[in-house]
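[1] Make a model of this:
(2 chains)
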Amino acid sequence: MRISHLPVVFEQGTVNMEETVGALELRSVSKIYGRGPKARTAVSDVTLSVRHGEVYGFLGPNGAGKSTTIRMALGLIRPSGGEVRLLGRAVSDPGALRRVGSLVDGGAFYPFLSGRDNLRVLARTQGHAGAAIGSLLERVDLAGDADRKVKDYSLGMKQRLGVAAALLNDPELVILDEPANGLDVAGIQDMRALIRGLAADGKAVFLSSHLLHEVELLCDRVAIVAKGQLLQEAAVRDLLEGDALHIEAEPVEAAIAALAARWPVERVAGGLRVEARRANAPDVARHLHAAGVDIYRLAPYEHSLETIFLTMTKDGHD
Amino acid sequence: MIDAMTAEALKLRGHRATWLMVLIYPIVFLLFVLVQLVTDMTGTAGGAQAPTAALWIEQSHLVWGAPLSSGGRFLIAGFAAVVFAGEYGWNTWKLVIPARARWQLLAAKWIATIILLLAAFAAADLLGLLGSVLRPLAGGPAIPAGVSLSDVAQAHAAAAAHAVLPILYTVVLAGLLAVLTSSILATAGLSVATILLEQLFPSIAFFAYGYAPALTPALAQLLPFYHVTNLVAWAGGSGATIPLGANATIAAPQIVSLAALLGWTAACGALTIYRFGRQDLN
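    So this is what the prediction gives:
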């Protein structure tokens, strides 16, 4: 995993301390369209950080400000307030953007050029005339259609070409807006493997998707936004983890007696529900064992990302 | 930067309609030369007399008159409209903007567009010259006595030099309109309107002089319209004089119009960079 380190300088002398620099950092970023009474806030005070080697999911209902945020991260839109930093540098620094790969609006290619020529144009614009376009096309399974004009491509083919374009400069940060759009099941699986492979190579991946199951499988951390505001930023595992344990044990009364003094316990269908976190599971097991209770099953309750997302963004849908 | 310009050329080559707006000059001149040679060979010209040396040289660089004419500039503006505004229509600024600083993307477009246009005019010029040289072999009029290679080269270089600024101004103006309107059609339409305004400017100035005798000459010297007309006239040997009324005219030396148009071109370019640099691309 490649992590950039910079020394932090304090006012009272240089401290030999290092700060891990995020691949993408948004600091109190806002975007307001229009002025006066017609002003509309698209993004409000969003702060988040994407680390190297992780896949970061960016979730929100339609109109939540996801696309605006992604465009600000790519320097396509100027923030009204706050700061966007890429790889430790301001987004206005072209040197930083050159180390970023992006897929925005999957079909944004020159329709009159072939897939290969589109990549050639982009490689030339980036100053990478010698980019390995052939192997990238093979990697996204487009080698056979590389010389067809993009206007004849399906949505899924354009998405795959978009991913190839995003990887053209071997970026350290990859920003993907709805990369699975238009892909079939096999295509989604390939995309999942490709994205995980990028993170395994130490790249930071910032991913916006409405396929919550995919996000659950792919992402290390997620941010949930609604109405332009960041509602939560957390590790997927922490987010999914419930605040209770399900236990099947005998005798039940002895189990309740052993646990009730320390954790709230209630009977539920098929066993007991104990108000304890996953981290408390070994302690719970020890208490039951000490009380002579046999444990048949002990597992944390887990939420699905979909449930969490819908609960958190309910107002956004209303 | 060369890479960015090559990328522009690669894009344009793939867009046949736009590419044709560059290739049209050598194609038309090639056809013109072939028709002329066939006419000479079949004798249907009726034994045309050989022109004077000066006329022969002047006719050999006719193509450089195209960028000075309204029709030629319509084509140049149309070409520039696709190059600059096309990125909005195809939604492709998002693809290329993260790859390079915005001013560099604009500069690459300006340079590539102007190089391609100059190359096309130069190719058409060479074809025209070749045709003039070959005509005697096909039975056409002989090259008149007194035509020297240095005279020909000097005349062609001067004609090309006169065409450079109108091409540059037209391309930069279309680029600005593209950034302001984000539309090929609007850019082309407004460019054509601006060129037509130049043609109508003498009449407008004459009319306006009756109402604002002090303001009209000052505006005429300030705005680019008269200076384009004046430079085109200077390319023909003498400047343009616009009559405004009794004892009142607008006239300027070539150097003044040159400086004024260069100033307008630079101002349009700077405004394009400023506007594009701050533009949100949703």
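[2] For A:Ile295, give its distance to B:Arg100.
    62 Å (CB to CB, to the nearest Å). (Each C-beta comes from the backbone N, C-alpha and C, glycine too.)
[3] cool, B:Thr229 as well?
    Relative to B:Arg100, and taking CB to CB, B:Thr229 is found at 37 Å.
[4] Compare neighbour counts for A:Ile295 and B:Arg100 and give me the winner.
    Taking neighbours as other CB atoms under 10 Å in any protein chain shown, A:Ile295 and B:Arg100 compare with B:Arg100 leading, 21 against 14.
[5] isn't that one right up against A:Pro94?
    Yes - contact criterion CB atoms under 8 Å: B:Arg100 and A:Pro94 qualify, at 6.4 Å.
[6] Quickly find the element holding B:Leu34.
    Per DSSP states H and E, B:Leu34 falls inside helix B:16-42.
[7] CA atoms only for stretch A:190-203 - export them in CSV, please.
    Extracted in CSV, the C-alpha atoms of stretch A:190-203 (Å, rounded to 0.1, in the frame of the first residue of the first chain):
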residue,chain,number,x,y,z
ASP,A,190,-15.7,-8.2,-13.7
MET,A,191,-16.0,-4.6,-12.6
ARG,A,192,-16.1,-5.7,-8.9
ALA,A,193,-12.9,-7.7,-9.4
LEU,A,194,-11.2,-4.9,-11.3
ILE,A,195,-12.1,-2.3,-8.6
ARG,A,196,-10.9,-4.6,-5.8
GLY,A,197,-7.7,-5.1,-7.8
LEU,A,198,-7.1,-1.4,-8.0
ALA,A,199,-7.4,-1.0,-4.2
ALA,A,200,-5.1,-4.0,-3.7
ASP,A,201,-2.6,-2.2,-5.9
GLY,A,202,-2.7,0.7,-3.4
LYS,A,203,-4.9,3.0,-5.4
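[8] for the record, mean pLDDT for it?
    Averaged across stretch A:190-203, pLDDT comes to 88.
[9] Could you look up the SS state of the closest residue to B:Leu68 other than its chain neighbours?
    Spatial nearest neighbour of B:Leu68, excluding adjacent residues (CB to CB, 6 or more residues apart in numbering or on different chains): B:Val232 at 4.5 Å. The assignment at B:Val232 comes out as helix when based on DSSP: H, G, I helix; E, B strand; the rest coil.
[10] Just give me the neighbour total for B:Val232.
    22.
[11] give me every residue that touches it.
    B:Leu68, B:Pro166, B:Ala240 (CB atoms under 8 Å, 6 or more residues apart in numbering or on different chains).
[12] How much space separates the nearest residue to B:Gly245 once chain neighbours are set aside from B:Leu200?
    Among residues not flanking B:Gly245 along the chain, B:Tyr209 sits closest, at 5.2 Å (CB to CB, 6+ apart). Applying CB to CB, the value for B:Tyr209 to B:Leu200 is 14 Å.
[13] next one: A:Leu218
    63 Å.
[14] Likewise for A:Ala269?
    Look at A:Ala269 and B:Leu200: by CB to CB, they are 87 Å apart.
[15] And for the residue of the stretch 1-150 of chain B found nearest chain A, the neighbour number?
    The nearest approach of the stretch 1-150 of chain B to chain A comes at B:Ala7, 3.6 Å away (CB to the nearest CB). Applying other CB under 10 Å, we find 26 residues neighbouring B:Ala7.
[16] for it, what are its contacts?
    A:Arg120, A:Val121, A:Leu122, A:Arg124, A:Thr125, B:Val96, B:Ala108.
[17] check which helix or strand covers it.
    Counting by DSSP H and E, B:Ala7 is part of helix B:2-14.
[18] mind listing what's buried in that helix?
    By neighbour count on 16 or more other CB atoms under 10 Å in any protein chain shown, the buried set for helix B:2-14 is B:Ala4, B:Met5, B:Thr6, B:Ala7, B:Glu8, B:Ala9, B:Leu10, B:Lys11, B:Leu12, B:Gly14.
[19] Got the confidence number for the fourth one?
    B:Ala7 is assigned 87 on the pLDDT scale.
[20] element containing the nearest residue to it once chain neighbours are set aside?
    Among residues not flanking B:Ala7 along the chain, A:Arg124 sits closest, at 3.6 Å (CB to CB, 6+ apart). If you go by DSSP H and E, A:Arg124 is part of helix A:115-126.
[21] what comes into contact with that helix?
    By CB under 8 Å, 6+ apart, helix A:115-126 touches A:98, A:109-110, A:113, A:129-131, A:133, A:136-137, A:142, A:145-148, A:150, A:153, A:157, A:161, A:164-165, A:168-169, B:3-4, B:6-7, B:10-11, B:14, B:95-96, B:99-100, B:105, B:108.
[22] Got a PyMOL select line for the buried ones in these?
    In PyMOL, this line selects whichever of the contacts of helix A:115-126 come out buried by 16+ other CB under 10 Å:
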select buried, (chain A and resi 98+109+110+113+131+133+136+137+142+145+146+150+153+157+161+164+165+168+169) or (chain B and resi 4+6+7+10+11+14+95+96+99+100+105+108)
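[23] Just the ones of the contacts of helix A:115-126 in helices?
    A:133, A:136-137, A:157, A:161, A:164-165, B:3-4, B:6-7, B:10-11, B:14, B:95-96, B:105, B:108 (DSSP state H).
[24] I appreciate the help and will end here.
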